[in-house]
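> this one's structure only:
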Ligand code: SF4
């Protein structure tokens, strides 16, 4: 398409993604400008916007969540108590689970949540939305940023995706080209494995000298329960079963308002057994007598799944460059030991805003100004919180027991643990998958979970409850660069793990007598809940997730 056909929008600051990092960042920037303009001779009037690929604010935002409210307190000192938290944690438990039993364990200090807030991330973001408008930030929903615009190594803006393109890539009658949005600064808060952040990491080497990012997948359902079953703010975490000693992760149960409960499971995307199906293990969790009795008589209302960046401090990419900053999950600002990232994401966005504001006041937001963002992070409570747990997830590379011992030792050694100089290296999660053609006999297949449609649900039933919808006639947004690998090499070596690690039945190996192998990969793209697991966990790294047409995807606003 010629450049003449594509509209160009000139802005000063564009935030890509309306998650907690960018919503807090845009809010902080707006607040700083408003405060400045009260006394400034020359008021600042920058054009600031947030681009969001979802239908509305919160529709693609998913988290557990037990929130540490410290960033809310800083950002909204007079009103943070009005935010729609579900409840304050007063009672919490930690269960060590076996298949039929549970043992209540003492809660280690770093896992204590009393005083923290159970929350729906979607509802919190909805609460921030009108306040952004009050400080002059424009919000454009259904605008997925699909490409980073560069002038050499300098980011000059983003391109949004075209609309009205059919399955074969041809223009339909309603075709609308995407817009080129030029900005002095692009703030990427796309969540984990962001499309543009990935492009930049590869082009500019932002991960050089860092540990590879390690991810987990979090799966959750929200249930309506009979009255009085659980109090809003009740928190239960669980360890061991169903994942066992070799797979990182654990369960969570959080009480919400109106007799709703969140039940979920986090599974490290560095598991070694290709037979593992994280969604299946989540369904199995609910069959434990303690969880089953909690949910008895209830009804599942919502489902969602999302990747979580677990690598921590050593997996933080360089968070700035000429023309851009990385925030939130895109910057690896998440504490995997506490299973919390919302407060860190918000703080990173706020520090990004303070950095940009300094540049706006000085009249230029160049690379020298943006470099101060990294200094601000290092001088903030982000580093104070993340550095002491810098080796947490890596320690679990040797299993649950070794990881727990190292985590305990890390608390008294400032994060070093046993025999660790300062930094514990690791490998990318997909590289840990064992090959079935070499070690198949030693890798057990998890027991099948029976889906009864009342307590346990198959992936399609869960996808239905995620509110997921996409325009059907559009290009497939899961790009597999060589599908011949799927039918032969991957089938032999890993038995096509995409069929299992995708929590939404997007990937299927189907019979097809027209192919030499009699099989082919079928991609049911409209089921995709945008969790990014396939982009992360594909053992050959052939899958690239790209944003579908704007507005498509899950609807997590009430989760
Ligand atoms: Fe997640 Fe990929 Fe499946 Fe979409 S296709 S739901 S991004 S694993």
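Here it is on my side, so go on. Predicted, not measured: the structure shown is a model, and the values here were computed from it.
> list the residues that contact the closest residue to residue 49 other than its chain neighbours.
Using CB to CB, 6 or more residues apart in numbering and skipping residues adjacent in sequence, the residue nearest residue 49 is residue 138, 4.2 Å away. C-betas here are computed from N, CA, C, even on glycine. Counting by CB atoms under 8 Å, 6 or more residues apart in numbering, residue 138 touches 47, 48, 49, 50.
> I'd say the second one and residue 136 touch.
It stands for residue 48. Yes. Under the contact definition of CB atoms under 8 Å, residue 48 touches residue 136, with a separation of 6.8 Å.
> neighbour-wise, which of these two wins?
With neighbours defined as other CB atoms under 10 Å, residue 48 and residue 136 compare such that residue 48 has more, 26 against 16.
> which residue does the stretch 201-350 of the chain bring closest to the ligand?
Per CB to the nearest ligand atom, the residue of the stretch 201-350 of the chain with the smallest distance to the ligand is residue 305, at 6.7 Å.
> you'd agree that residue is in a helix?
No. Residue 305 is assigned strand when assessed by DSSP: H, G, I helix; E, B strand; the rest coil, not a helix.
> that one against residue 218, yeah?
Yes. Using CB under 8 Å, residue 305 makes contact with residue 218 at a distance of 6.8 Å.
> which of the two has more neighbours?
residue 305 (28 against 25).
> list the beta-bridge partners for the more buried one.
With DSSP bridges as the criterion, residue 305 is bridged to residue 219.
> mind listing what it touches?
Neighbour list for residue 305: 62, 217, 218, 219, 220, 279, 466, 503, 504, 529, 531, 533 [criterion: CB under 8 Å, 6+ apart].
> helix or strand for the second one, which one?
Right, the one you point to is residue 217. In this structure, residue 217 is located in strand 215-224 according to DSSP states H and E.
> following the chain onward from that strand, which element is next?
Following strand 215-224 in sequence, per DSSP H and E, is strand 235-240.
> residues touching the helix or strand just after that following strand, excluding its own?
Going down the chain from strand 235-240, the next helix or strand is strand 249-255, by DSSP H and E. By CB under 8 Å, 6+ apart, the residues outside strand 249-255 that reach it are 64-66, 86-87, 95, 97, 118, 216, 220, 230-240, 243, 261-268, 285, 291, 294, 339.
> any idea of the mean pLDDT in strand 249-255?
Along strand 249-255, the predicted confidence averages to a pLDDT of 97.
> can you tell me which residues in the stretch 401-550 of the chain are near the ligand?
Listed as neighbours of the ligand in the stretch 401-550 of the chain under the rule CB under 6 Å from any ligand atom: 478, 502-504, 506, 528-534, 545.
> which ones among the residues you listed map onto strands?
Using DSSP state E, the members of those that fall within strands are 478, 545.
> quick check, nearest of the residues of the stretch 401-550 of the chain next to the ligand to residue 188?
For residue 188, the closest of those turns out to be residue 532, at 14.4 Å, with distances computed as CB to CB.
> and the closest one, how far from residue 306?
Residue 532 is 8 Å from residue 306, where distance means CB to CB, to the nearest Å.
> which residues do these two both contact?
191, 192.
> give the buried residues for the lowest-mean-pLDDT helix or strand in the chain.
Among the helical and strand segments of the chain, the one scoring lowest on mean pLDDT, DSSP states H and E is helix 400-412, with a mean of 75. Along helix 400-412, the positions that meet the burial threshold by neighbour count (16 or more other CB atoms under 10 Å) are 400, 403, 406, 407, 409, 410, 411.
> same check, this time on stretch 26-46
If you call a residue buried by 16+ other CB under 10 Å, then stretch 26-46 has these buried ones: 26, 27, 28, 29, 30, 31, 32, 33, 44, 46.
> cool, and stretch 481-488?
Neighbour-count burial for stretch 481-488, counted by 16+ other CB under 10 Å, picks out 485, 486, 487.
> give me the residues contacting that stretch.
The set of residues that contact stretch 481-488 without belonging to it, under CB under 8 Å, 6+ apart, is 480, 496, 498, 509, 515, 517, 519-521, 540, 542-544.
> same thing with stretch 391-408?
Outside of stretch 391-408, the residues that reach it under the criterion CB under 8 Å, 6+ apart are 108, 110, 211, 214, 239-240, 244-246, 248, 268, 270, 310-312, 314, 336-337, 410, 415-418, 420, 423-426, 432.
> give me that answer again for 6 Å
214, 245, 246, 248, 310, 336, 337, 415, 417, 420, 424, 426 (CB atoms under 6 Å, 6 or more residues apart in numbering).
> the fourth one and residue 269 touch, don't they?
No. The pair residue 248 / residue 269 is not scored as a contact, 8.8 Å apart, by CB atoms under 6 Å.
> out of these two, which sits in the more crowded spot?
In terms of neighbours (other CB under 10 Å), residue 269 is the more surrounded of residue 248 and residue 269; the figures are 26 against 23.
> now do the contacts for that one.
Neighbours of residue 269 in contact, by CB under 6 Å, 6+ apart: 215, 216, 217, 429, 536, 537.
> can you give me the distance of it to residue 432?
Using CB to CB, one obtains 9 Å as the distance from residue 269 to residue 432.
> so the nearest residue to residue 134 once chain neighbours are set aside is in which element?
Sequence neighbours aside, residue 30 is the residue nearest to residue 134 in space, at 7.8 Å (criterion: CB to CB, 6+ apart). When secondary structure is defined by DSSP H and E, residue 30 falls within helix 20-37.
> in the stretch 51-200 of the chain, what residue is nearest the ligand?
For the stretch 51-200 of the chain, the nearest residue to the ligand under the criterion CB to the nearest ligand atom is residue 193, separated by 8.9 Å.
> quick check: which element contains that residue?
Secondary-structure element containing residue 193, defined by DSSP H and E: none, the residue being outside all helices and strands.
> what's it sitting at in phi/psi?
The phi and psi torsions at residue 193 (degrees, to the nearest 10) take the values phi 50, psi 50.
> over to residue 331?
In this entry, residue 331 is assigned phi and psi values of phi -100, psi 0 (degrees, to the nearest 10).
> same question, the one 5 residues further on
Per-residue torsions, residue 336: phi -70, psi -20 (degrees, to the nearest 10).
> how close does the nearest residue to residue 479 once chain neighbours are set aside get to residue 372?
Counting by CB to CB, 6+ apart, residue 479 lies nearest to residue 544, which is 4.4 Å off, once chain neighbours are set aside. From residue 544 over to residue 372 the distance is 33 Å, taken as CB to CB.
> swap in residue 555?
Looking at residue 555 against residue 372, where the rule is CB to CB, the gap reads 38 Å.
> if we can go back for a sec, what angle do the strand holding residue 217 and strand 249-255 make?
Put simply, strand 215-224 runs at 30 degrees to strand 249-255, going by axes from the mean of the first three to the mean of the last three CA atoms, to 10 degrees.
> point out the residues in this structure that sit beside the ligand.
Remark: the part of the chain in contact with the ligand comprises 478, 502-504, 506, 528-534, 545, using CB under 6 Å from any ligand atom.
> from the residues you listed, which land in helices?
Secondary structure assignment (DSSP state H) places 533, 534 from those within helices.
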